[in-house]
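Engineer: Output the structure for:
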Amino acid sequence: MHGIFSDRITDVPRSFIREILKVTVDESIISFAGGLPNRDLFPVNEIKTATNKVLDLFGSDVLQYSSSEGFLGLREWIAKRYKTKKNIDVDPDDILITAGSQQGLDLLGKTILNDGDDVVIEEPGYLGAIQAFSLYKPTFHPIPLENDGVDIKKFEKAVRNHNIKLFYCVPNFHNPAGISYTLEKRKAIADIVRGTNTIIIEDDPYGELRFLGSEQPSFYKIIPENTVLLGSFSKIVVPSFRIGWIVARKEVMEKLIIAKQASDLHTNYFGQRIIHQLLTDYSIDDHIETIRKAYGSQRDVMVEAIEAYFPKDIQYTKPEGGMFLWVTLPEGVSAVQVFNEAIARKVAFVPGDPFYINKKGVNTLRLNFSCTNEDMTRQGIQRLGEVITSRLI
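Structural biologist: Coordinates of the predicted model:
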């Protein structure tokens, strides 16, 4: 079957993280590798009740084909939440329900990118975005992340010197770095982009999961004319429904709907109705508060364990929300080599390599704190600390 595959697919590697998760199926491994929400917090009984109610009330109607835009009631709920929680005015017609925010990335790539188009991406950046956009063969311009967002001087240089089509960012509780953009950095980015054709893709799956600090305004609030906003129910309800959304101005939305129709006609309608019934009948705010408290406690345990068991010169981020923290090892220490030794000690994480464009053997790694209990976290961090210490001797 030589030569039958497109250049688009042959040039894009498999997801490094999905491959790691195959290793962590072994239950004896303490895994900090996945980007998974905590399954113990899933509202199983509430979903069961909502599912039965949807079938009882609407019967076979919810098992039929539906509109490409998505269920209007769900889009209205999302629009209302943006208004009440973030003071953002969104028309339900400016919302497209997608099969998770990952499909949103693919649809945006399909809709906007031509071969060679210039795309600014954070470094380190979200692997799923790198993989999704790579299918459309852009020219990536990675901009280093600082503790408050991208390096603003390098970002401005990229925008001024290139015809940047997209700037992709995760400004709240970044995956993988755990940092959040400050208001000052958000305003500076908006000032640079304003008046250009650059579109900010603001990916915000973790924004509701803040357990410290104060909320910052969305790019969609600051500069809506240049922003496309992605959201998801995966982290605040459950991921298996694969229901997310895109918020975009009408001229962009018209093209996205065409791409959506060509891709899969519409997102799982039954799943949309179940989610909507759940949101209607139960307090999502109470549920999110439970998640926040749990993740905040789990983050604290991991930070305490790092302080106790890692070498003192190791740097790491202390996120105010989300699910990840980012570790920087001394120069010259490859996180991939540490990973290989750590797996032998029955502990897993994600080395930094897949979060960079064309970099190998980097000295950074991502730790997920949402899925391990207190004892597992301490034990896993102790093992990992011993492996790191052995590499420094």
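Engineer: Please enumerate the strands of this protein.
Structural biologist: Counting by DSSP state E, residue ranges of the strands within the chain are 30-31, 95-98, 118-123, 139-146, 149-150, 164-169, 199-203, 227-232, 244-247, 315-316, 324-328, 347-348, 350-351, 364-368.
Engineer: Report the contact partners of residue 149.
Structural biologist: With Cβ atoms under 8 Å, 6 or more residues apart in numbering as the criterion, the residues that contact residue 149 are 169, 171, 179, 181-182, 185-186, 189. (Glycine included, C-beta is placed from N, CA and C.)
Engineer: That one bridge partners, please.
Structural biologist: When assigned by DSSP bridges, residue 149 has beta-bridge partners residue 146.
Engineer: pLDDT (mean, whole number) over stretch 90-106?
Structural biologist: Over the span of stretch 90-106, the pLDDT mean works out to 98.
Engineer: Actually, stretch 231-251.
Structural biologist: Stretch 231-251 comes out with an average pLDDT of 98.
Engineer: gap between it and the chain center?
Structural biologist: Its chain's average C-alpha position is 11 Å from that of stretch 231-251, according to Cα atoms, centre = their mean, to the nearest Å.
Engineer: Make residue 1 into 33 and carry on from there
Structural biologist: Let's use 33 as the start, then, which means that last one is stretch 263-283.
Engineer: Flag every buried residue along it.
Structural biologist: Along stretch 263-283, the positions that meet the burial threshold by neighbour count (16 or more other Cβ atoms under 10 Å) are 263-271, 273-281.
Engineer: Pick out the most distant pair among the contacts of residue 181.
Structural biologist: Largest separation among the contacts of residue 181 by Cβ to Cβ: 211 and 221, giving 14.3 Å.
Engineer: Could you measure from the closest residue in space to residue 58 that isn't next to it in sequence over to residue 178?
Structural biologist: Nearest non-adjacent residue to residue 58, counting by Cβ to Cβ, 6 or more residues apart in numbering: residue 378, 7.9 Å away. Residue 378 sits 35 Å away from residue 178, taking Cβ to Cβ, to the nearest Å as the criterion.
Engineer: cool, and residue 264?
Structural biologist: Here residue 264 is placed at a distance of 26 Å from residue 178 (Cβ to Cβ).
Engineer: Ok, residue 89 next?
Structural biologist: As judged by Cβ to Cβ, residue 89 and residue 178 stand 51 Å apart.
Engineer: ok, now residue 76?
Structural biologist: Taking Cβ to Cβ as the measure, residue 76 falls 40 Å from residue 178.
Engineer: quick one, which of the two is more surrounded?
Structural biologist: Residue environment comparison for residue 76 versus residue 178 gives the larger neighbour count to residue 178, 15 against 11, counting by other Cβ atoms under 10 Å.
Engineer: how much space between the more buried one and residue 150?
Structural biologist: Relative to residue 150, and taking Cβ to Cβ, residue 178 is found at 22 Å.
Engineer: do residue 370 as well
Structural biologist: As for residue 370, its distance to residue 150 is 34 Å (criterion: Cβ to Cβ).
Engineer: go on, residue 307?
Structural biologist: 36 Å.
Engineer: Of these two, which one has the most company?
Structural biologist: residue 307 (24 against 19).
Engineer: the domain parsing of this structure - what is it?
Structural biologist: For the chain, the structural domains run 39-75+318-424, 94-313, going by automatic domain parsing.
Engineer: what residue ranges in the chain score low on pLDDT?
Structural biologist: Across the chain, the ranges flagged by pLDDT under 70 are 33-34, 45-56.
Engineer: give me that answer again for 80
Structural biologist: In the prediction, the chain carries residues with pLDDT under 80 at positions 33-35, 37-58, 425.
Engineer: Would you map the helices across it?
Structural biologist: Residue ranges of the helices in the chain, as given by DSSP state H, are 39-42, 48-55, 76-90, 104-118, 132-144, 159-166, 184-193, 215-225, 251-254, 282-296, 301-313, 316-341, 367-376, 406-424.
Engineer: now for the ones you listed, which one comes closest to residue 233?
Structural biologist: Residue 233 sits nearest to helix 132-144 of all the helices of the chain, at 6.2 Å, using Cβ to Cβ.
Engineer: and that closest one, what other elements does it pack with?
Structural biologist: Other helices and strands packing on helix 132-144, by 3 or more Cβ pairs under 8 Å, 6 or more residues apart in numbering; DSSP states H and E, are strand 127-130, helix 159-166, strand 196-201, strand 231-235, strand 259-264, strand 276-279, helix 282-296.
Engineer: who touches it?
Structural biologist: Counting contacts by Cβ under 8 Å, 6+ apart, the residues outside helix 132-144 that touch it are 128, 130, 160-161, 164-165, 167-168, 197-198, 200, 231, 233, 235, 237, 260, 262-264, 266, 271, 274-278, 284, 287-288, 290-292, 295-296, 299.
Engineer: what's the answer for stretch 266-274, then?
Structural biologist: The set of residues external to stretch 266-274 that reach it, using Cβ under 8 Å, 6+ apart, is 68-69, 74-75, 79, 131-133, 135, 237-238, 240-241, 265, 275-276, 299-300, 303, 306-307, 310, 316, 319-320, 323, 355.
Engineer: Mark which of those are buried, thanks.
Structural biologist: Among the contacts of stretch 266-274, those scoring as buried are 68-69, 75, 79, 131-133, 135, 237-238, 240-241, 265, 275-276, 299-300, 303, 306-307, 310, 316, 319-320, 323, 355 (criterion: 16+ other Cβ under 10 Å).
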